[in-house]
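K.L.:
Got a predicted structure plus its sequence, pasted below:
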Amino acid sequence: MESPGAARRRRARPSRARSLLYVGLAAVTVVGGTAAGTAYVRAQAHSGTAPVSSSATAGGEGTVEPVTQPTVDRDALLAAALGSVSVEDGADVSVAVLDPDSGEGASYGTGAFDTASIVKVDILATLLLQAQDADRQLTADEKSYATAMIENSDNDSASALWRVIGEAEGLDAANERFGLTGTTGGDGMLWGLTQTTAADQLTLLRQVFGDDSQLSEASRTYLQGLMGRVAADQHWGVSAAADGSQWALKNGWLARSTTGLWDVNSIGRVTVDGRDCLVAVLSNGNSTKAKGISLVEAVAKAAVSAVNEEG
């Protein structure tokens, strides 16, 4: 169990139970940011053209008239896919997904969530970026901490590297370069209470797994490798959406001391039918860790199906 050991006031949530579909249909039209500046992902539906047709004009010259194919509303597909997934009363969930090759993506839900231990990916990405800036390699101690932090989700190692990067100030500075706009580092040593959005975690995943990144190829390969070797007891989360063992992830779980309710998050890359997908699922207010894991896995499966479904 992970616990930074400090309480932060939780946001008020609706007290009634509801299905994801009911909330999702209202949420899918949300684009841009909230008043607090939180950014969200819009589904990137492709619009193509069918084979052109020609017709004769009065002058005998042919004209070409492209026939526009209907676009696919991936947000709506995601909301529909989530129709059979229920959320406990008082719990919240948000997801963002992207097929990097096709550009198809979708999102569901809004708001900021505690990172719990998924922030460890951000901590290591920040360390690697700082090392690149200084034109140096990670030290032996830093590599040891990084391995334990990602593969075993070791909190002491995370705290050690949190200090190395300059705590929240260092994380926030790196995130500005990474393109994260809705993430704020936790106070003091409370790295697990860093606030983030699903859209920002998807942006971070693009930095880790994409070519258009502030991180060098060597840095990306290193971080990807650690995320592909997490301990066996952490083989859950977005990996549920993969076929076989083609995945790389980091999970986070945290019981809040003020309520006893659980934050359960999972981010990573999964491969389905030969196609890679980046997926970030965030949740809070779960009554147990097990229920949070079940929710995250169900949502991850729905998200991947939404971007893979043919229009």
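P.N.:
Yep, it's here.
K.L.:
low-confidence ranges in the chain?
P.N.:
Judged by pLDDT under 70, the chain has its weakly predicted residues at 1-70, 310-311.
K.L.:
In a helix, Asp263, correct?
P.N.:
No - assigned with DSSP: H, G, I helix; E, B strand; the rest coil, Asp263 falls outside any helix and is strand.
K.L.:
the strands in the stretch 201-311 of the chain, which residues?
P.N.:
247-255, 262-272, 275-284 (DSSP state E, counting those that start in this stretch).
K.L.:
Export those strands as a markdown table, with columns for mean neighbour count.
P.N.:
Heads up, the C-betas are built off the backbone N, CA and C, glycines and all. Formatted as a markdown table, these follow (neighbours: other C-beta atoms under 10 Å):
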| stretch | mean neighbour count |
| --- | --- |
| strand 247-255 | 25 |
| strand 262-272 | 26 |
| strand 275-284 | 26 |
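K.L.:
and of those, who's closest to Ala232?
P.N.:
Nearest to Ala232, of all those, is strand 247-255, at 12.5 Å by C-beta to C-beta.
K.L.:
rewinding a little: kindly reformat the strands of the stretch 201-311 of the chain as JSON lines containing distance to Gln195.
P.N.:
Output for those, formatted as JSON lines (distance: least, C-beta to C-beta, whole Å):
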{"stretch": "strand 247-255", "distance to Gln195": "13"}
{"stretch": "strand 262-272", "distance to Gln195": "11"}
{"stretch": "strand 275-284", "distance to Gln195": "10"}
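K.L.:
closest one to Gln132 among those strands?
P.N.:
Of all those, strand 247-255 comes closest under C-beta to C-beta, at 20.7 Å.
K.L.:
Between strand 262-272 and that closest one, find me the angle.
P.N.:
Strand 247-255 and strand 262-272 are oriented at 170 degrees to each other (axes from the mean of the first three to the mean of the last three C-alpha atoms, to 10 degrees).
K.L.:
Which elements pack onto strand 247-255?
P.N.:
helix 119-133, helix 217-227, strand 262-272, helix 289-308 (3 or more C-beta pairs under 8 Å, 6 or more residues apart in numbering; DSSP states H and E).
K.L.:
What strands line up against it, and which way round?
P.N.:
strand 262-272 (antiparallel) (DSSP bridges).
K.L.:
dump the residue contacts of the residue nearest in space to the middle of the chain.
P.N.:
Nearest residue to the geometric centre of the chain (C-alpha atoms, centre = their mean): Ala280, 2.3 Å. Residues in contact with Ala280 (C-beta atoms under 8 Å, 6 or more residues apart in numbering) are 95-97, 198, 201-202, 205, 238, 265-267.
K.L.:
In JSON lines: those residues, plus distance to Leu78.
P.N.:
Listed next are these as JSON lines, based on distance: C-beta to C-beta, whole Å:
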{"residue": "Val95", "distance to Leu78": "8"}
{"residue": "Ala96", "distance to Leu78": "10"}
{"residue": "Val97", "distance to Leu78": "7"}
{"residue": "Ala198", "distance to Leu78": "12"}
{"residue": "Gln201", "distance to Leu78": "16"}
{"residue": "Leu202", "distance to Leu78": "13"}
{"residue": "Leu205", "distance to Leu78": "17"}
{"residue": "Val238", "distance to Leu78": "15"}
{"residue": "Asn265", "distance to Leu78": "18"}
{"residue": "Ser266", "distance to Leu78": "16"}
{"residue": "Ile267", "distance to Leu78": "17"}
